[in-house]
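Participant: Provided below are the primary sequence and the corresponding predicted coordinates.
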Amino acid sequence: MAGNSVAADARAERGRQCLVTGGAGFLGSHLCALLVGRGDMVHCLDDMSTGAERNVAGLQASGRLTVVIHDVREELPPGLPRFDEIYNLACPASPPAYQADPVKTALTSALGARNLLLRAEADGARIFQASTSEIYGDPDVHPQAESYNGNVNPIGPRACYDEGKRFAETLFTDFARAGRAEVRIARIFNTYGPRMDRDDGRVVSNLVVQALLGENLTIYGDGNQTRSFCYVDDLIAGFDALMHADGPLDGPVNLGNPDETTVGELAALVLRLTNSRSKIERRPMPVDDPRRRRPDITRAGRLLGWRPRVGLETGLAATIAYFDRLLAEGGKPLPPRSAL
């Protein structure tokens, strides 16, 4: 016991050894910033297909973050340390990005989960899976609780992402049941904030950039479809609470903001906050696009004491300020600023 205590004290002194796959992306870079700021040693592993090394360049100066360019579909490269924590965020998350190469998307989720679970088993590491509300597809149950099995089209254009994430959840759950790894699964609902890619095709970045550039705001369908928008700082706090909750945790946990907003309402708010004179341009709804999306976060509140704090107008104002600076500086991604 004394030896274990000494080892724990040594780990606290040096910080945890953490692996963040997809660490150079939108969510991954915010997570890396949290871990580095806490004093952990972070290996940011990314194939840079949708991430960018410049997203974490400022963190490298700390001496606590190392960038490893690697594809999680392949076995992890040699020379990495033994990890205490592994966070799997590796997979394109916006429809244009994941539909550009659907086979790669599906295998990134499937093979990435396998390779990282095997590493977690070997290292004795706790492992986190960034899953998605797309698990629920176009839901027939509203709001969506973790007990709902979803309404997913397994052969539709979104299936590479939806089914890849569903398979990853299965693999994580089976490793946990077999006692091979201690796992955490977060089902992430729509998230927005600074460091989004201006061209990633998600509704918040699309509308904000269009408004700032004076272009027509694109709305698909009648605009009455709903989403629940969670500010990135709130989501990363949820990641932290989930990963460090005491004891084994049975099953996935929804992380998102339960305040439901129509896309039309979002567009009107963006126009008001940007003082834009842009017009609304309506286009046909994409195939399998969800009509309603709202998380039931009862489980997150009960197990983690977590709920989002940042309101949509406040978070959008910070996001608009980020994109305004980004566009003014020629589109080059900007270093992260302090949280709200």
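Facilitator: Looks like it came in fine. Numbering: from 1, shown residues only.

Participant: contacts and neighbour counts: CA atoms only from here.
Facilitator: OK.

Participant: In a helix, V36, correct?
Facilitator: Yes: membership of V36 in a helix is supported by DSSP: H, G, I helix; E, B strand; the rest coil.

Participant: Surely it is in contact with L65?
Facilitator: Yes: applying Cα atoms under 8 Å, one finds V36 in contact with L65, separated by 6.9 Å.

Participant: what is in contact with these two at once?
Facilitator: V42, L59 (Cα atoms under 8 Å, 6 or more residues apart in numbering).

Participant: Which one's more surrounded, these two?
Facilitator: The residue with more neighbours, out of V36 and L65, is L65; 23 against 20, by other Cα atoms under 10 Å.

Participant: And for the residue lying closest to the more buried one once chain neighbours are set aside, the neighbour number?
Facilitator: Leaving aside its sequence neighbours, L65 sits nearest to V42 (Cα to Cα, 6 or more residues apart in numbering; 4.7 Å). By the criterion of other Cα under 10 Å, V42 has 27 neighbours.

Participant: Now do the contacts for V42.
Facilitator: So V42 contacts Q17, C18, L19, V20, C32, L35, V36, R64, L65, T66 (Cα under 8 Å, 6+ apart).

Participant: of those, buried ones?
Facilitator: Buried by 16 or more other Cα atoms under 10 Å: Q17, C18, L19, V20, C32, L35, V36, R64, L65, T66, out of the contacts of V42.

Participant: send the alpha carbons of the longest helix seen in the chain over as CSV?
Facilitator: Longest helix of the chain, by residue count under DSSP state H: helix 102-123. Written as CSV, here are the backbone C-alpha positions of helix 102-123 (Å, rounded to 0.1, in the frame of the first residue of the first chain):
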residue,chain,number,x,y,z
PRO,A,102,-17.6,7.7,-45.6
VAL,A,103,-15.6,4.5,-45.5
LYS,A,104,-12.7,6.2,-43.7
THR,A,105,-15.2,7.8,-41.3
ALA,A,106,-16.8,4.4,-40.4
LEU,A,107,-13.4,2.7,-39.9
THR,A,108,-12.0,5.6,-37.9
SER,A,109,-14.7,5.0,-35.3
ALA,A,110,-14.5,1.2,-35.5
LEU,A,111,-10.8,0.6,-35.8
GLY,A,112,-9.9,3.6,-33.7
ALA,A,113,-12.1,2.3,-30.8
ARG,A,114,-10.4,-1.1,-31.1
ASN,A,115,-6.9,0.2,-31.1
LEU,A,116,-7.4,2.6,-28.2
LEU,A,117,-9.3,0.1,-26.1
LEU,A,118,-6.4,-2.4,-26.5
ARG,A,119,-4.0,0.4,-25.4
ALA,A,120,-6.2,1.3,-22.4
GLU,A,121,-6.2,-2.4,-21.4
ALA,A,122,-2.4,-2.7,-21.7
ASP,A,123,-1.8,0.5,-19.8
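
Participant: quick thing: my sequence starts at 852, can you match it?
Facilitator: Okay, residue one is now 852; in that scheme the one you just asked about reads as helix 953-974.

Participant: Mind putting the contacts of V893 into TSV with distance to V1003, pLDDT and secondary structure?
Facilitator: Output for these, formatted as TSV (distance: Cα to Cα, whole Å; pLDDT from 0 to 100; DSSP: H, G, I helix; E, B strand; the rest coil):
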residue	distance to V1003	pLDDT	secondary structure
Q868	37	98	strand
C869	33	98	strand
L870	31	98	strand
V871	28	98	strand
C883	32	98	helix
L886	34	98	helix
V887	37	97	helix
R915	41	96	coil
L916	38	97	strand
T917	38	97	strand
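
Participant: and the residues you listed as a markdown table, adding distance to E936?
Facilitator: Listed next are these as a markdown table, based on distance: Cα to Cα, whole Å:
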| residue | distance to E936 |
| --- | --- |
| Q868 | 7 |
| C869 | 5 |
| L870 | 6 |
| V871 | 9 |
| C883 | 12 |
| L886 | 11 |
| V887 | 13 |
| R915 | 15 |
| L916 | 14 |
| T917 | 15 |
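
Participant: for those, which one is nearest A971?
Facilitator: Closest approach to A971 among the contacts of V893 (Cα to Cα): L870, at 10.1 Å.

Participant: Shouldn't P928 be within a helix?
Facilitator: No: applying three-state DSSP, one finds P928 to be coil, outside a helix.

Participant: For A961, give me its contacts.
Facilitator: So A961 contacts G1015, K1016, F1018, A1019 (Cα under 8 Å, 6+ apart).

Participant: sorry, back to before: any idea which of the contacts of V893 is closest to I986?
Facilitator: Using Cα to Cα, V871 comes nearest to I986 of the contacts of V893, at 22.0 Å.

Participant: Touching, E904 and G873? I think so.
Facilitator: No: in this structure E904 lies outside contact range of G873 using Cα under 8 Å: 10.7 Å.

Participant: Relative to Q911, how far out is N939?
Facilitator: 20 Å (Cα to Cα, to the nearest Å).

Participant: If you count surrounding residues, which of the two has more?
Facilitator: N939 (25 against 16).

Participant: Produce a PyMOL select command limited to the buried residues of the contacts of A961.
Facilitator: Filtering these down to the buried ones (16+ other Cα under 10 Å) takes a single PyMOL command:
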select buried, resi 1015+1016+1018+1019
